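S.K.: A structural model of the following input is requested.
(chains A and B)
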Amino acid sequence: MDASYVTPFVNSVTNVFETMLQLPVTSGEPSLKSQGEPSFDVSGIIGMSGDLEGAIVLSFPITTAERVVSLFTGTETSHTDDDFADAVGELVNMVSGGAKAQFPGKQVNISCPSVVIGKDHQVFGRKDVLCICIPCQTDVGDFNVEVSVRKSASQAAMGNNQQAGAA
Amino acid sequence: MKVLLVDDSKTMRNIQKGIMTQLGYGQIEEAADGLDALSKVGAFEPDLMLVDWNMPNMDGLTFVQKYRATGGKAPIIMVTTEAEKSRVVEAIKAGVNNYVVKPFTPEVLSERIKETLDRLKAA
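M.R.: The predicted model follows:
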């Protein structure tokens, strides 16, 4: 995966959390995540298609997720509340949307979000797309942004043709 | 003033409802997607609509196009994660009056609402 795909997601998660939650985020060193490696207890998942394809996961320990959602909604929210998953979904929606805007000239669609709640659950993406895990720290706890994104086959082919033409 | 909030996220609708209430707009109706909004807009006759873009069943752009095609004149502010200039242009061509990119602060949304309503008064 192109490392330049990481920065837009780091920028976007910082922007979303600071704007909507007034919560500063410090991102750590990205690392490769293995397929099937468990995420935290709460995952907000969104798919991307078009010129870029793949998926984004915001993964939180349950306590962090509850604190983050409580800040977002302005009311104390438990993971058992009806609207908890909706709030997590909206957060990953905004992070993905903000990131895709930082790929100029790329036509990218994002799916409606899905949310998984459960200890030690695993999120499996496409085997042929690497997953980069960006650890994030906040005053209410740590979470991860997991980015599995690459150029679509048609975009990659276009790039190869341009290189061949230049050679 | 009657406001119709159209967003598939209940969280986002609640946030917008809070801001609307603080601005003094007490009559608020909600819709969870474009189809739901189409079913409510005729009877509710909003003075203002906040509309998300990406929603299941019917997206916001399609709702705006269908609403305008029936002669609907209420001002519409698109509130969406779609931030690219091409998307803004597409929305304005569809009949949107103003545009707010998520994430937003209450101050930005309030300002955009005021700007939209002031422009209409001036027209």
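S.K.: rest of the way, CA atoms for contacts and neighbours
M.R.: Noted.
S.K.: Next, the distance between the ends of stretch A:35-46.
M.R.: 17 Å (Cα to Cα, to the nearest Å).
S.K.: Can you mark which positions in that stretch are buried?
M.R.: Across stretch A:35-46, burial judged by 16 or more other Cα atoms under 10 Å in any protein chain shown covers A:39, A:40, A:41, A:42, A:43, A:44, A:45, A:46.
S.K.: could you redo these as a markdown table and give each row secondary structure, pLDDT and distance to residue A:7?
M.R.: Shown next, in a markdown table, are those (DSSP: H, G, I helix; E, B strand; the rest coil; pLDDT from 0 to 100; distance: Cα to Cα, whole Å):
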| residue | secondary structure | pLDDT | distance to residue A:7 |
| --- | --- | --- | --- |
| A:39 | coil | 81 | 21 |
| A:40 | coil | 92 | 22 |
| A:41 | coil | 95 | 25 |
| A:42 | strand | 97 | 23 |
| A:43 | strand | 96 | 20 |
| A:44 | strand | 97 | 19 |
| A:45 | strand | 95 | 19 |
| A:46 | strand | 95 | 18 |
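S.K.: okay, which residue is most central for chain B?
M.R.: residue B:50 (1.7 Å; Cα atoms, centre = their mean).
S.K.: Close to chain A: what parts of chain B are there?
M.R.: B:9-12, B:14-15, B:54-56, B:81-84, B:102-105 (Cα under 8 Å from any Cα of the partner chain).
S.K.: Only the buried subset of these, as a PyMOL command please.
M.R.: Restricted to buried positions by 16+ other Cα under 10 Å, the PyMOL selection for these reads:
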select buried, chain B and resi 9+10+11+12+14+54+55+81+82+83+84+102+103+104+105
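S.K.: Quick check: which element contains the residue in chain A that chain B sits nearest to?
M.R.: The minimum distance from chain A to chain B, using Cα to the nearest Cα, falls at residue A:97 (4.8 Å). Per DSSP states H and E, residue A:97 falls inside helix A:84-100.
S.K.: dump the residue contacts of the residue of chain A closest to chain B.
M.R.: A:110, B:81, B:82, B:83 (Cα atoms under 8 Å, 6 or more residues apart in numbering or on different chains).
S.K.: mind redoing it with 7 Å?
M.R.: The contact partners of residue A:97, taken as Cα atoms under 7 Å, 6 or more residues apart in numbering or on different chains, are B:81, B:82.
S.K.: And residue B:68, by the same measure?
M.R.: Taking Cα under 7 Å, 6+ apart as the definition, contacts of residue B:68 comprise residue B:95.
S.K.: Please save the CA atoms from the host helix or strand of it in CSV.
M.R.: Assigned by DSSP H and E, residue B:68 falls within helix B:60-69. Provided in CSV are the C-alpha atoms of helix B:60-69 (Å, rounded to 0.1, in the frame of the first residue of the first chain):
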residue,chain,number,x,y,z
GLY,B,60,-29.8,13.5,-0.7
LEU,B,61,-29.0,14.7,-4.2
THR,B,62,-31.8,12.7,-5.7
PHE,B,63,-34.2,13.9,-3.0
VAL,B,64,-33.2,17.6,-3.8
GLN,B,65,-33.7,17.0,-7.5
LYS,B,66,-37.1,15.4,-7.1
TYR,B,67,-38.2,18.0,-4.6
ARG,B,68,-37.2,20.9,-6.9
ALA,B,69,-38.8,19.1,-9.9
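S.K.: and it, how far out from the chain's middle?
M.R.: Using Cα atoms, centre = their mean, to the nearest Å, the distance from the centre of helix B:60-69 to the centre of the chain it belongs to is 11 Å.
S.K.: neighbouring contacts of the helix or strand harbouring residue B:116?
M.R.: Element membership of residue B:116 [criterion: DSSP H and E] is helix B:106-122. Under the criterion Cα under 7 Å, 6+ apart, residues B:19, B:97, B:98, B:100 lie in contact with helix B:106-122.
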